[in-house]
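S.K.: Sequence and predicted structure below; questions after.
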Amino acid sequence: MGKRRGPSDEDFNNCPPWLKPLLRGKFFVQCKNHPDYHKNECNMYCLTCVNDALCSLCLENHPNHSSIQIRRSSYNDVVRMSDIPKELDIRGIQTYIINGAKVVFLNERPQSRPGKGVTHTCQVCERSLVDDCLFCSLGCKIVGTSKNFEKKNKRKSFGSESEDSCTTSSTTTREEVMNNNNVVQSFTPTPTQTSLNNFRSTKRRRKGIPYRAPLS
């Protein structure tokens, strides 16, 4: 997997104003305003003020505001589904159960290569997924449902050799995605019958160990 690709500024056009700072925020760092406080880890975010990450002490200055707690799983930021505002559509995103609660990852996670036997992958970053979902994180869904992503797929389809080929977009179903993957795999080159016959004939022509005739 190459460099991590996050949503661009244009991808956030139809999103709530608090979503872009949330996905780009730096959490679990020491609070600059309370360096001597023993619980100064910034793992809170105010959806009303749309500012930087907050520690628990900073959050006391945001009474009656909507806030969300950021949690961690394998050094990546996650949020509980129950904490996500209902105005944000999270359908199609892979969920995981951590400490008895369903969570979703905020951003794309780096992956060197897909595992063997993987059938479900993210439409944007191609990360392996457990369930039949379309995206691995909130960030990938923002990219995959943006107009830029649809335009990019259209350009790929026009540049293909076959006129009947199609490219997956954010509106395609998982079944269609898997069908397209099968088509690509079917073009994997395989040994021809001619090359196999040549290999067999070469083996037959190999000479054995020479034996001398017995002395008379």
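M.R.: Yep, it's here.

S.K.: And the helices in this structure?
M.R.: 19-24, 56-59, 138-144, 147-158, 174-186, 193-205 (DSSP state H).

S.K.: By mean pLDDT, show me the worst of these.
M.R.: Mean pLDDT is lowest for helix 174-186 among the helices of the chain, at a mean of 36.

S.K.: ok, and the helix or strand in the chain with the lowest average confidence?
M.R.: Lowest on mean pLDDT, DSSP states H and E among the helices and strands of the chain sits helix 174-186, with a mean of 36.

S.K.: Kindly provide the distance from P16 to E60.
M.R.: 24 Å (C-beta to C-beta, to the nearest Å). Any C-beta I mention is one placed from the backbone N, CA and C, and that applies to glycine too.

S.K.: These two: which is more packed in?
M.R.: Higher neighbour count among P16 and E60: P16, with 13 against 9, using other C-beta atoms under 10 Å.

S.K.: Surely that one touches D89?
M.R.: No - counting by C-beta atoms under 8 Å, P16 stays clear of D89, with 10.6 Å between them.

S.K.: Tell me the bridge partners for the residue nearest to S82 when sequence neighbours are not counted.
M.R.: In this structure, S82 finds its nearest non-sequential neighbour in A101, 6.9 Å apart by C-beta to C-beta, 6 or more residues apart in numbering. According to DSSP bridges, the residues that bridge with A101 are I98.

S.K.: Now do the same contact list for A101.
M.R.: The contact partners of A101, by C-beta atoms under 8 Å, 6 or more residues apart in numbering, come to 80-82.

S.K.: still on that earlier bit, quick check: neighbours shared by P16 and D89?
M.R.: By C-beta under 8 Å, 6+ apart, no residue touches both P16 and D89.

S.K.: residues near R72, how many?
M.R.: 12.

S.K.: contacting residues for it?
M.R.: Applying C-beta under 8 Å, 6+ apart, we find R72 in contact with 28, 78.

S.K.: bridging residues for it?
M.R.: Where R72 sits in a bridge, its partners, by DSSP bridges, are D77.
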